[in-house]
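[1] quick one, what's the 3D model for this:
(one chain, ligands or ions: 1)
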Amino acid sequence: MRTALITGGAGYIGSHACKALARSGWRPVSYDDLSQGHRALVKWGPLEEGDIRDRARLDAVLARWRPQAVLHFAALSQVGASVLQPDLYRDVNVAGTECLLAAMRAANVETLVFSSTAAVYGVPTRLPITETTPVAPTNPYGETKAAAEDAIRRAAEGGKLRYAILRYFNAAGGDPDGETGESHDPETHLIPNAIAAALGKTPTLDIFGDDYPTPDGTCIRDYVHVSDVAWAHIAALEWLEANDEPITCDLGTGQGTSNLAVISAVEAATGRRVPWRTMPRRPGDPPVLYTAGRAARETLGWMPLRSDLPSIVGDALKWSQRLQ
Ligand SMILES: NC(=O)c1ccc[n+]([C@@H]2O[C@H](COP(=O)([O-])OP(=O)(O)OC[C@H]3O[C@@H](n4cnc5c(N)ncnc54)[C@H](O)[C@@H]3O)[C@@H](O)[C@H]2O)c1
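    Numbers count the residues shown, from 1 in each chain. A predicted model of the protein is given here:
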């Protein structure tokens, strides 16, 4: 059985990736400090507790499991918090990635799939986004992810590293079987927050800006089902096994969905009204983000299978109801 080390395996997307890996015949070993993740979401392989900035711990875990590949999800990923704590974000997201790269090199682990983000593109001047759209992040979170990408490219130049950089757009939904899902604290993502408001778990949903140059005035994002994000990692691993070329891919559907369209979908799924209010725009929030998604489709053979809005919201709702 092949083994993969999953940093951030106790988190939202990492846990879905562990399930996808286990189904594809891999043993996923999660490496997570549980700062944001949940022990209970590590269901498809062992958990090694540790911080990605702890080189000695990483060395010990890599020596114990001798993985063929590393999938690197562990990061701090809230845009607002990154503005308040840029040094912490640089430490975890950039220095943490550099520490992991050095440990991988020392342990002769040569395959890496990295979780990057649409936030590296900042506010694009042309749509749809493609992988050749200039990288121009507008907040510390995006900056740290772009810097981590650079660190990976540098490591590959000086060594034997094969890597895939996957720039996720808005990962959303939950495991269709209800075995894992999104449980961030605080939750900043629109769909779980809209569901929480519809179910009366929170008093109201905040929508940031209703005067954007979009058809209904609210921001437009490209929502991609978390299970589709998960299987893209399997496709990336297969591609890296067969090719000696690094690859950078956007992961999105090519479809933009406005905040108000998400609210309608949540109201349809729950049968309840979502109480919401308009708040001021958040600085640096792009009005519209969606990707052509060509590299993933044409190179990895990946396509979204479950990323229609009703499936995303239905699966997120299923998870939210399990948490009650
Ligand atoms: N959720 C999205 O829509 C989205 C979009 C684009 C990119 N991403 C990226 O995908 C990855 C996973 O995102 P997520 O939504 O699953 O986040 P998450 O917070 O649910 O998962 C991250 C995991 O990393 C762990 N972690 C954090 N710091 C650590 C450290 N120093 N050492 C070890 N473990 C640590 C946390 O405990 C958590 O389990 C992140 O890199 C994020 O930037 C997410």
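[2] please enumerate the strands of this protein.
    2-7, 26-32, 47-49, 69-72, 111-117, 162-168, 170-172, 205-208, 220-221, 223-225, 247-251, 257-258, 276-279 (DSSP state E).
[3] neighbouring strands of the second one in the sheet, and parallel or not?
    Put plainly, it is strand 26-32. Counting by DSSP bridges, the strands paired with strand 26-32 are strand 2-7 (parallel), strand 47-49 (parallel).
[4] contacts for that strand, please.
    1-11, 14-15, 17-18, 21-22, 42, 44-50, 52, 58, 61, 65, 67, 74 (C-beta atoms under 8 Å, 6 or more residues apart in numbering). For the C-beta atoms, the positions are set from N, CA and C on the backbone; glycine is no exception.
[5] which residues of this protein lie near the ligand?
    7-8, 10-14, 32-37, 51-53, 73-77, 92, 96, 115, 117, 168, 170-171, 184 (C-beta under 6 Å from any ligand atom).
[6] follow-up on the earlier one: quick one: closest of the strands of the chain to Ala146.
    Among the strands of the chain, the nearest to Ala146 by C-beta to C-beta is strand 111-117 (8.0 Å).
[7] for that closest one, packing partners?
    Strand 111-117 sits against strand 69-72, helix 96-106, helix 140-157, strand 162-168, helix 226-242, with contacts defined as 3 or more C-beta pairs under 8 Å, 6 or more residues apart in numbering; DSSP states H and E.
[8] mind putting the strands paired with strand 26-32 into JSON lines with mean neighbour count?
    Shown next, in JSON lines, are these (neighbours: other C-beta atoms under 10 Å):
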{"stretch": "strand 2-7", "mean neighbour count": "24"}
{"stretch": "strand 47-49", "mean neighbour count": "18"}
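[9] on that earlier part again, of the contacts of strand 26-32, grab the buried ones for ChimeraX.
    To isolate the buried members of the contacts of strand 26-32 in ChimeraX, using 16 or more other C-beta atoms under 10 Å:
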select :3,4,5,6,7,8,9,10,11,14,15,17,18,21,22,42,44,45,47,48,50,52,58,61,65,67,74
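[10] okay, now the domains of this protein?
    For the chain, the domain assignment from automatic domain parsing gives the residue ranges 2-172+224-251, 190-221+254-323.
[11] low pLDDT regions in the protein?
    For the chain, the stretches with pLDDT under 70 are 324.
[12] how close does the spatially closest residue to Ile263 that is not a sequence neighbour get to Tyr31?
    Sequence neighbours aside, Val274 is the residue nearest to Ile263 in space, at 4.8 Å (criterion: C-beta to C-beta, 6 or more residues apart in numbering). According to C-beta to C-beta, to the nearest Å, Val274 stands 37 Å off from Tyr31.
[13] compare neighbour counts for those two and give me the winner.
    For Val274 versus Tyr31, neighbours defined as other C-beta atoms under 10 Å are more numerous around Tyr31 (31 against 22).
[14] and Arg246, how far from Gly9?
    Let me fix one detail, which is that residue 246 is Pro and not Arg. Counting by C-beta to C-beta, the gap from Pro246 to Gly9 is 23 Å.
[15] cool, Glu187 as well?
    Distance from Glu187 to Gly9, counting by C-beta to C-beta: 20 Å.
[16] so which bits of stretch 312-324 are buried?
    Applying 16+ other C-beta under 10 Å to stretch 312-324 flags Ile312, Val313, Gly314, Asp315, Ala316, Leu317, Lys318, Trp319, Ser320 as buried.
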